[in-house]
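Colleague: what shape does this take:
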Amino acid sequence: MQIGKVCVKVDKKGREKMKKAIVFCMAILLVFGLAACGTSDEAIVVVPSSSSIPPIPTSKPDLSPVFTYSPYAITAFSKEAMGESYALYCDLVDALLNYDCEVSGFESETQFLGLWCILRQEFPPAEKLLADCGDTDEPYSFSDGRVTLKYLLDKTAHLQLLDNYAKRIQKDLSVLEEEDTEVIRIAKLHDLVGTTIVYGETARVVYDAIMGNQGVCEDYAEYLIVLLNQIGVECYYACSDGEGVASHAWVIAKMEGQF
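Modeller: Modelled structure (predicted):
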């Protein structure tokens with residue numbers, strides 16, 4: 001009995017000592033932990049491996065098109081034929097772009113008429129915007145080197161038409177890439193025209209064929225010329241006279257120095 005009582009007393013004392021030891025250790029750990037927090041302002045950060053971190057771009061990607069639409073682009077043949085008058089041609093284009101009715105600086109009415117005809121041929125929106133003899137008996141007036149143009153639409157509709165056309169041509173040019181060779185660029189635009197336009201005789205002018213996606217062979221050819229002018233490829237409109245062959249239209253383009 002005595003031995004049993006002694007053993008019980010020893011177990012109680014041992015448990016009490018163990019509790020005191022645990023409390024003492026926890027106190028020491030707490031003190032060291034607070035000391036560490038007080039001597040450092042840095043937080044502990046877990047850094048993932050470098051292989052899991054995506055690279056940070058150093059600059060914005062270049063999304064600019066290879067070619068930007070220009071309303072002044074015309075065939076080399078027309079530009080050569082105009083010579084120094086090309087500046088006046090650009091003035092006519094500016095008048096259309098800004099809904100200005102008057103343009104001055106012409107040496108004669110004959111000079112203006114020549115540029116006016118080229119404008120209607122080279123710049124498709126002009127046929128939708130400028131009055132001609134089919135619309136009025138006096139599609140323009142000329143006096144002392146100054147011409148007054150007559151527009152078919154009000155200013156809002158006029159400018160909207162130009163904006164729609166510019167966006168369309170720019171979209172077409174977006175198929176071209178920096179690494180494309182000249183031949184590939186011509187082929188891409190050729191294929192684009194061929195797949196965009198549906199053959200049908202509903203287009204009245206080239207603008208209608210381009211914006212309405214429907215036309216005949218001459219519309220295909222003139223549309224392609226419009227795009228080739230934008231990238232500086234020398235090209236010409238060609239057609240058969242219908243004698244002995246079917247009446248048709250083509251584009252003659254200069255590729256790698258040869259037509």
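Colleague: ranges for the helices of the stretch 101-250 of the chain?
Modeller: 109-122, 126-129, 155-173, 182-196, 206-212, 217-230 (DSSP state H, counting those that start in this stretch).
Colleague: tell me which of these lies nearest to M82.
Modeller: Closest to M82 of the helices of the stretch 101-250 of the chain is helix 109-122 (Cβ to Cβ; 6.8 Å). Glycine gets a C-beta too; all of them are placed from N, C-alpha and C.
Colleague: so which of the helices of the stretch 101-250 of the chain is nearest G145?
Modeller: Comparing these by Cβ to Cβ, helix 109-122 comes nearest, at 8.6 Å.
Colleague: how about that closest one: buried residues?
Modeller: Within helix 109-122, the residues that qualify as buried are 112, 114-116, 118-122, counting by 16 or more other Cβ atoms under 10 Å.
Colleague: next, the angle helix 217-230 makes with it.
Modeller: Orientation check (axes from the mean of the first three to the mean of the last three Cα atoms, to 10 degrees): helix 109-122 against helix 217-230 gives 100 degrees.
Colleague: in CSV, list the C-alpha atoms belonging to helix 109-122.
Modeller: Extracted as CSV, the C-alpha positions of helix 109-122 are listed here (Å, rounded to 0.1, in the frame of the first residue of the first chain):
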residue,chain,number,x,y,z
GLU,A,109,-11.1,75.3,-117.5
THR,A,110,-9.5,72.7,-119.8
GLN,A,111,-6.9,72.0,-117.1
PHE,A,112,-9.6,71.6,-114.5
LEU,A,113,-11.7,69.3,-116.7
GLY,A,114,-8.7,67.0,-117.3
LEU,A,115,-8.1,66.7,-113.5
TRP,A,116,-11.8,66.4,-112.8
CYS,A,117,-12.1,63.4,-115.2
ILE,A,118,-9.0,61.7,-113.6
LEU,A,119,-10.5,62.3,-110.2
ARG,A,120,-13.7,60.5,-111.1
GLN,A,121,-11.7,57.7,-112.6
GLU,A,122,-9.0,57.3,-109.9
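Colleague: right, I'll call it a day here.
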